[in-house]
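[1] Using only what follows, build the 3D model:
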Amino acid sequence: MDIRTIAFYNRPFPEGGAETVTRNLAHYFKSQGLRIIIYTSLFKRELLTAKELEDFTIKILPDANNECLPINVEFLRNSLNEEQVDVLMIQGSTVFPFEKLYHIGKTRLIYCLHSIPLWEIYDLRNLKSCQLSNPTFIRRMEFIFLRKPVYRFTDKLKRRYLKLYSKIHHNTDRFVTLFPEYYRQLFRDLQKYDHHPDQKKFAAISNPLLPPQEPTHCPKEKIVLFVGRFSHCDKRIDRLLKIWHQIEDSVPGWRLILVGDGPEKENLHKLAKTLKLKNIEFTGYQSDVASFYRRATFVCLTSDFEGFGMCFAEGQQYGAIPVSFDSYAGIRTITRNGEAGILVPPFSKRQYAKRLKAAMLDRECQIRMREKCYQQASEYKLELIGSQWLQLFKDLD
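    Next up, the predicted model:
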């Protein structure tokens, strides 16, 4: 398929992880002579550079409340046709008029899943009653005693979201996951629940990394690093603080540094105070994370799940060693099954503390893993990932 114009849809833009992927790929496609259009519902113009505003055509949907409203569908249909868009990449949003745009005109639709398949189930099962919208006493009791047991002990959620994924799959030209293991599992689930998936529509392409800021080979300090959003349902940073509580007195000179912000910030500060943690630092949000990766020996996540674990791949560019629960298939690829990182049985805080401490005290292990990290990071170079996308576009005929 001859490609001249690539479009993306990101609900918010350019703030967020999937939005960073859009920006990175857009720069690469632009460098290959392609025209770039970005559709969005929630646009923050001030977060784009002057060069990006010049290089990308930004189109904002008329009504930000719901992408599937008739006014938005009509806008997208007309714009995709007028702009002669060859490919529209929908970045993670499941609320989108797939069936209204599929095979309407020349535009091919590609859906990009930026997390593990069925991540919504984990999210709802870990939701606290206080996090409900309008959490009245009656609503919280109903959630705790009625909805939550159904979510946890039946397949109601799985059926609900497989139906959603099936609709997306049948109304797009490609369904792209971050790792092959993800789409294989999704394919099996869709088959099991009689959704009749088409295996030829699935593909896997990892997230790209921008070139690291030199220098990348730096003397390491005794730093254990967390980078990410402070959220409870997926990140479970409270586990990391409890793990640090177990080991900090036995590893003198080491520090735990947490870079990020989010709704769990206050709770995490309170927990650190309750646990009387000493060698810990909350830096808040930082636009320049490279300086932390350069100094850190380890990058730690204690998440229930991750789609990709961007901080791991970014850290590996600077020789920071990932430490993670072995709770999602992608982490085995990122760590080369434990050669370029440390895998811990989920979700044992005792085993996590034991393995992290052993690595902190083993300099030879650190040197060996660090070299593997540099090698693994090269798998996510922008040019390599971008060329995989170009090949996928060609194969759409």
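[2] Dump the C-alpha coordinates for whichever helix or strand Thr20 is part of into CSV.
    If you go by DSSP states H and E, Thr20 is part of helix 17-31. The C-alpha coordinates for helix 17-31 follow below in CSV (Å, rounded to 0.1, in the frame of the first residue of the first chain):
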residue,chain,number,x,y,z
GLY,A,17,2.5,7.8,27.7
ALA,A,18,0.6,6.8,24.5
GLU,A,19,0.8,10.4,23.4
THR,A,20,4.6,10.3,23.8
VAL,A,21,4.7,7.3,21.5
THR,A,22,2.6,9.3,19.0
ARG,A,23,5.0,12.2,19.0
ASN,A,24,8.0,9.9,18.6
LEU,A,25,6.5,8.0,15.7
ALA,A,26,5.2,11.2,14.1
HIS,A,27,8.7,12.6,14.1
TYR,A,28,10.1,9.5,12.5
PHE,A,29,7.3,9.3,9.8
LYS,A,30,7.8,13.0,9.1
SER,A,31,11.6,12.3,8.5
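[3] That one: what's the following helix or strand?
    strand 35-43.
[4] before we move on, the earlier item: contacts for the helix holding Thr20?
    Contacts to helix 17-31, defined as CB atoms under 8 Å, 6 or more residues apart in numbering, come from residues 6, 8, 10, 12-14, 36, 38, 52, 55-56, 89, 91-92, 112, 114, 207-210, 310, 382-383, 385-386, 389. (Each C-beta comes from the backbone N, C-alpha and C, glycine too.)
[5] so where do the strands sit in this protein?
    Along the chain, counting by DSSP state E, strands occupy 5-13, 35-43, 56-60, 87-91, 108-112, 174-177, 202-204, 223-227, 255-259, 280-284, 298-300, 321-325, 342-344.
[6] Sheet-wise, list the partners of the fourth one with their directions.
    Sheet pairing for strand 87-91, assigned by DSSP bridges, gives strand 5-13 (parallel), strand 108-112 (parallel).
[7] could I get it in CSV with only the CA atoms?
    Extracted in CSV, the C-alpha atoms of strand 87-91 (Å, rounded to 0.1, in the frame of the first residue of the first chain):
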residue,chain,number,x,y,z
VAL,A,87,-3.8,5.2,7.7
LEU,A,88,-5.4,6.3,11.0
MET,A,89,-3.8,4.9,14.2
ILE,A,90,-6.1,4.9,17.2
GLN,A,91,-3.9,5.1,20.2
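[8] when you give positions from now on, start the count at 834
    Sure thing, new numbering starts at 834, so read that last one as strand 920-924.
[9] any low-confidence regions in the chain?
    Within the chain, no range satisfies pLDDT under 70.
[10] How is it partitioned into domains?
    Following automatic domain parsing, one finds the domains of the chain at 838-1041+1214-1227, 1056-1213.
[11] one step back: flag every buried residue along the helix holding Thr853.
    Residues 850-863 are the ones in helix 850-864 that count as buried (16 or more other CB atoms under 10 Å).
[12] for the stretch 934-1083 of the chain, what spans make up the helices?
    Listed in chain order, the helices of the stretch 934-1083 of the chain (DSSP state H, counting those that start in this stretch) span 952-958, 970-975, 981-986, 989-1003, 1013-1025, 1070-1080.
[13] Can I get the ones you listed in a markdown table including distance to Glu907 and mean neighbour count?
    Formatted as a markdown table, the helices of the stretch 934-1083 of the chain follow (distance: least, CB to CB, whole Å; neighbours: other CB atoms under 10 Å):
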| stretch | distance to Glu907 | mean neighbour count |
| --- | --- | --- |
| helix 952-958 | 29 | 17 |
| helix 970-975 | 36 | 12 |
| helix 981-986 | 37 | 12 |
| helix 989-1003 | 21 | 16 |
| helix 1013-1025 | 31 | 17 |
| helix 1070-1080 | 43 | 20 |
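[14] what's the closest non-adjacent residue to Leu909?
    Closest residue in space to Leu909, ignoring its immediate chain neighbours: Leu934 at 6.1 Å, by CB to CB, 6 or more residues apart in numbering.
[15] Touching, the one you found and Leu942? I think so.
    Yes - using CB atoms under 8 Å, Leu934 is in contact with Leu942, at 6.3 Å.
[16] and Leu1042, what are its bridge partners?
    Lys1214.
[17] Return the distance of it relative to Phe1145.
    11 Å (CB to CB, to the nearest Å).
[18] Surely Leu913 touches Ile839?
    No - Leu913 is beyond contact range of Ile839, at 11.9 Å (criterion: CB under 8 Å).
[19] Would you mind giving the helices of the stretch 934-1083 of the chain as CSV with distance to Met1202 added?
    Output for those, formatted as CSV (distance: least, CB to CB, whole Å):
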stretch, distance to Met1202
helix 952-958, 28
helix 970-975, 45
helix 981-986, 37
helix 989-1003, 36
helix 1013-1025, 22
helix 1070-1080, 18
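[20] List the residues that contact Arg1128.
    Cys1051, Lys1053, Glu1054, Ile1056.
[21] can you count the residues close to the third one?
    Yep, that's Glu1054 we're talking about. Glu1054 sits with 13 neighbouring residues when counted by other CB atoms under 10 Å.
[22] For it, give me its contacts.
    Arg1128, Ala1129, Thr1130.
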